[in-house]
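Student: Kindly return the folded structure for what I paste below:
(chains A and B)
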Amino acid sequence: MENDTAVLVHEVKKTFRLPHEKQNSIKGLLVNWYHRDKGYEKQRVLQGISLEVKKGEFFGIVGRNGSGKSTLLKLLAGIYSPDSGVIKLEGSLTPFIELGVGFNPELTGRENVFLNGALLGFNRNEMAAMYDDIVKFAELERFMDQKLKNYSSGMQVRLAFSIAIKVNSDILLLDEVLAVGDAAFQKKCFDYFRELKKKHKTVIFISHDMNAVREYCDRAVLIEKGEIIAAGDSDTVAKEYTKLFLESSGSSQSENGARWGSGDMFTDAVKASVDTKNVTIDVTYTCKTDITEPVFGLTILSPVGTRVFESNTKWQHVKTGAFKAGDTVSVDWQLPNIFTNGTNYVSVAVANTDATEFYDWWDEATTFVVDKDEVTTAVTLPTHKIGVHKTNA
Amino acid sequence: MLRMSRILSKQNRALLSELVRTDFKLRYQGSVLGYAWTLLRPLFLFAILYVVFTRVFTLGKDIPHYPVYLLLGIVVWNFFAEMTAQSLGSIVDRSDLIRKIRIPRWVVVLSASLSALISFLLNLIIVAVFILLNHVDLLKTMAWLPLILVEVYVLALGVSLFLSAAFVKFRDIRYIWEVIMQGAFYLTPIIYPLSRITSHTFQKILLLNPMAQAVQDARYSVVTHQTATIYRVYDGGGYTLIPFVVVIVVFVVGLLYFKKESRYFAENI
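Tutor: Okay, the predicted model is just below:
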């Protein structure tokens, strides 16, 4: 193990024995005594995973549901033991894979903070010292003496996250923490991520959100059917991940949102980049048959799901041209950043000339996060001026 | 094997105390008298037994302070019964923790056992009250009581570790254990004095059970020296060590089995 290695995983294999019929009774055991194993089906969840994470690296693990990435995470966290192979860790590791483990609905917020803290390795004195900080970060000052069952799910997540970030381990495991909470809270999460990056913490980040992976991860691996099928910089891996969904073409349910269409023209990738002034959406397509004058469309939803922007080449009278099977097409959209803080959702579509038949409609194909220094409760906040004058002088 | 420094690390102690605390908080939640029930419950229970066994049945006429003698036996037995019953399901009941966080698995069983231990110590306070009310002479041998209780605790812990690990795989264990405990209750001289058993050989066999030996020794050291202890029944000799050997064997087997199985708790639950 080299000096700058934080996590080394070598040829790790894990198989689950799935009983055909749940066999946790003595009778089941006796019945199957002679023909043992017959009642089981072996499921190879991980078939020889090797990877190395350097110290200070933000490392992504991506994969579809059921690919084995959660099992890998549990192995890393020490919750499962591997059948064979080695996992070496340099430094301490966060022991949990989910926020708010052990939260009890019958206890108050305050009691849950101490209980959860103890599970993360803090005693009562240490927790008491951090308590005010935690409550303040979670913005739950008024609710701490209420039972947890009276909290909204968003409040619970906020409380859990606020405790979890107090864990000062060398290596952090983060699993889909972005998927929860409202826009304001997501911003806090992203701030926390940036801080981790600044402090050069070793982070293992597991996500479906390719934009977050692209933005934060230095390197990543893609797991499919228990094997690493792509490894390298996060951009490359994110592309490979998107490709996985192309293979299962036609009408399909994507990870991000609903997707349907004939597949005559297929959306390969949707990439959003954003700064305080502008938003650019790049969409690339591949033609499966010859197509003339397709219509390209774009819809953007605000963090709370309001339709803020919708347009297409037909409405804008943009000539799109003719394409042959195998052609790849790139469409870029440039618009001013009129969007509000939080995660905005991008849906893309391509249809025939009259927009009567959809080749590929992809809801929430990607997202982008806006983090502007402005306050509004409305859908958008256009540039404006406010003049105030005393008029009785 | 587990090292002592790691077992009692700051983190593990914090976790243990928090789990025990939570357990007590939840147990008496919503009741008006709350924690007072930890003392009231045994008090009422014992008062009933006291009346029944001094007024209705008079099995132990020949034994001085029979009600207290009986009470002590029941309290020690209940400690063993409650601790094993509570620990048995402890791992499965906390599957939320087992599956989602890396904590030493034995901490969960130990916290269940400590909850039972605390209830037991509170029960002992009530027994002490009855001892005073009955004007029992305070015996010097009372100093032995803690050692006897350590023996019972170690035995119960060994059994608890084994049962809690086995319960993850075989859910029949709970019912099997209930039946075993019913039988064992009558095979242990708790509600009847050992002297009532006429066959001397049978007395000897019964006393090889560590619980019988511990209950009798506890009565001897606290209530009356007229108790038939294993030492007295066997008249000394090597046989008197058998219950202690059983305790050690049970504990080691329980611990090793738990250690072996605990690696797979998260996937088997």
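
Student: just checking, what packs against the helix or strand encompassing B:Val127?
Tutor: Using DSSP states H and E, B:Val127 sits within helix B:105-133. In terms of contacts (3 or more Cβ pairs under 8 Å, 6 or more residues apart in numbering or on different chains; DSSP states H and E), helix B:105-133 is packed against helix B:10-27, helix B:37-51, helix B:66-88, helix B:90-93, helix B:95-100, helix B:145-169, helix B:242-262. C-beta coordinates here come from the backbone N, C-alpha and C atoms, glycine included.

Student: For A:Thr292, list each beta-bridge partner.
Tutor: Per DSSP bridges, the residues bridged to A:Thr292 are A:Ala322.

Student: residues from chain A in reach of chain B?
Tutor: Contact residues (Cβ under 8 Å from any Cβ of the partner chain) of chain A with chain B: A:16, A:24-27, A:29, A:74, A:77-81, A:95-98, A:101-102, A:104, A:106-107, A:111, A:114-115, A:117-119, A:121-124.

Student: Write a PyMOL command that selects only the buried members of the residues you listed.
Tutor: To isolate the buried members of the residues of chain A next to chain B in PyMOL, using 16 or more other Cβ atoms under 10 Å in any protein chain shown:
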select buried, chain A and resi 16+24+74+77+79+80+95+96+97+98+101+102+104+107+111+114+115+117+118+119+121+122+123
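
Student: Now intersect the residues of chain A next to chain B with the strands, please.
Tutor: Those of the residues of chain A next to chain B mapping onto strands are A:Phe16, per DSSP state E.

Student: quick one, what contacts the most centrally placed residue in chain B?
Tutor: Nearest residue to the geometric centre of chain B (Cα atoms, centre = their mean): B:Phe80, 2.1 Å. Listed by Cβ atoms under 8 Å, 6 or more residues apart in numbering or on different chains, the contact set of B:Phe80 reads B:Val152, B:Leu155, B:Ala156, B:Met211.

Student: can you rerun that using 10 Å?
Tutor: Counting by Cβ atoms under 10 Å, 6 or more residues apart in numbering or on different chains, B:Phe80 touches B:116, B:120, B:152-153, B:155-156, B:159-160, B:181, B:184, B:188, B:210-211, B:214-215.

Student: Please indicate which of those residues are buried?
Tutor: Applying 16+ other Cβ under 10 Å to those flags B:116, B:120, B:152-153, B:155-156, B:159-160, B:184, B:188, B:210-211, B:214-215 as buried.

Student: which one of those residues is nearest chain A?
Tutor: Nearest to chain A out of these is B:Val159 (Cβ to the nearest Cβ; 17.8 Å).

Student: Go through the helices and strands packed on helix B:105-133 and find the least confident stretch.
Tutor: Lowest mean pLDDT of those: helix B:37-51, a mean of 83.

Student: neighbouring contacts of it?
Tutor: With contact meaning Cβ under 10 Å, 6+ apart, helix B:37-51 is reached by B:24, B:27-28, B:31, B:33, B:36, B:67-68, B:70-71, B:74-75, B:78, B:118-127, B:129-130, B:133-134, B:191.

Student: Can I get the buried ones among these as something I can paste into PyMOL?
Tutor: Only the buried entries of those go into this PyMOL selection, using 16+ other Cβ under 10 Å:
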select buried, chain B and resi 67+68+70+71+74+75+78+119+120+123+124+126+127+130+134+191
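
Student: who's in contact with the residue lying closest to B:Phe130 once chain neighbours are set aside?
Tutor: The spatially closest residue to B:Phe130, leaving aside those adjacent along the chain, is B:Val68, at 5.4 Å (Cβ to Cβ, 6 or more residues apart in numbering or on different chains). Shown in contact with B:Val68 (Cβ under 10 Å, 6+ apart): B:46, B:50, B:127-128, B:130-136, B:219, B:222-224.

Student: With A:Asp275 instead?
Tutor: With Cβ under 10 Å, 6+ apart, A:Asp275 has these contacts: A:Asn337, A:Val370, A:Lys372.

Student: Phi, psi for it please.
Tutor: phi -130, psi -170 (degrees, to the nearest 10).

Student: Quickly note the distance from it to A:Glu215.
Tutor: Applying Cβ to Cβ, to the nearest Å, the value for A:Asp275 to A:Glu215 is 13 Å.

Student: cool, A:Met155 as well?
Tutor: For A:Met155, the distance to A:Glu215 (Cβ to Cβ) stands at 27 Å.

Student: same check, this time on A:Thr284
Tutor: 19 Å.

Student: Likewise for B:Asn268?
Tutor: Relative to A:Glu215, B:Asn268 is positioned 39 Å away (Cβ to Cβ).

Student: coming back round to it: list just the nearest of the contacts of A:Asp275 to chain B.
Tutor: A:Val370 (32.8 Å).

Student: What is the neighbour count of the closest one?
Tutor: A count of nearby residues for A:Val370, using other Cβ atoms under 10 Å in any protein chain shown, gives 21.

Student: give the contact list for it.
Tutor: Taking Cβ under 10 Å, 6+ apart, one finds A:183, A:187, A:274-276, A:279, A:302-303, A:337-344 in contact with A:Val370.

Student: Beyond the helix or strand of chain A with the lowest mean pLDDT, next helix or strand please.
Tutor: In chain A, no helix or strand scores lower on mean pLDDT, DSSP states H and E than strand A:252-253, which sits at a mean of 37. Per DSSP H and E, the first helix or strand lying C-terminal to strand A:252-253 is strand A:258-260.

Student: So which elements touch that next one?
Tutor: Secondary-structure packing of strand A:258-260 (3 or more Cβ pairs under 10 Å, 6 or more residues apart in numbering or on different chains; DSSP states H and E): strand A:252-253, strand A:342-351, strand A:358-370.

Student: what about the helices in the stretch 151-300 of chain A?
Tutor: A:153-164, A:183-198, A:210-216, A:234-247 (DSSP state H, counting those that start in this stretch).

Student: can I get these in a markdown table with distance to A:Lys324?
Tutor: Putting these into a markdown table (distance: least, Cβ to Cβ, whole Å) gives the following:
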| stretch | distance to A:Lys324 |
| --- | --- |
| helix A:153-164 | 50 |
| helix A:183-198 | 42 |
| helix A:210-216 | 29 |
| helix A:234-247 | 19 |
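
Student: got TSV for those helices, with mean pLDDT and distance to A:Glu52 too?
Tutor: TSV is the format used below for the helices of the stretch 151-300 of chain A (pLDDT from 0 to 100; distance: least, Cβ to Cβ, whole Å):
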stretch	mean pLDDT	distance to A:Glu52
helix A:153-164	88	25
helix A:183-198	80	19
helix A:210-216	80	18
helix A:234-247	78	15
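
Student: residue contacts, residue 111?
Tutor: Answering for chain A, as no chain was given. Contacts of A:Glu111 (Cβ under 10 Å, 6+ apart): A:Asn104, A:Met144, A:Asp145, A:Lys147, A:Leu148, B:Glu18, B:Arg21, B:Thr22, B:Lys25, B:Leu26.

Student: wait, I meant chain B there
Tutor: B:15-23, B:86-87, B:90, B:94.

Student: residues near B:Ser95, how many?
Tutor: Counted with other Cβ under 10 Å, residues neighbouring B:Ser95 total 14.

Student: how far away is the closest residue to it other than its chain neighbours from A:Leu140?
Tutor: Spatial nearest neighbour of B:Ser95, chain neighbours left out: B:Ile269 (4.5 Å); criterion: Cβ to Cβ, 6+ apart. B:Ile269 sits 32 Å away from A:Leu140, going by Cβ to Cβ.
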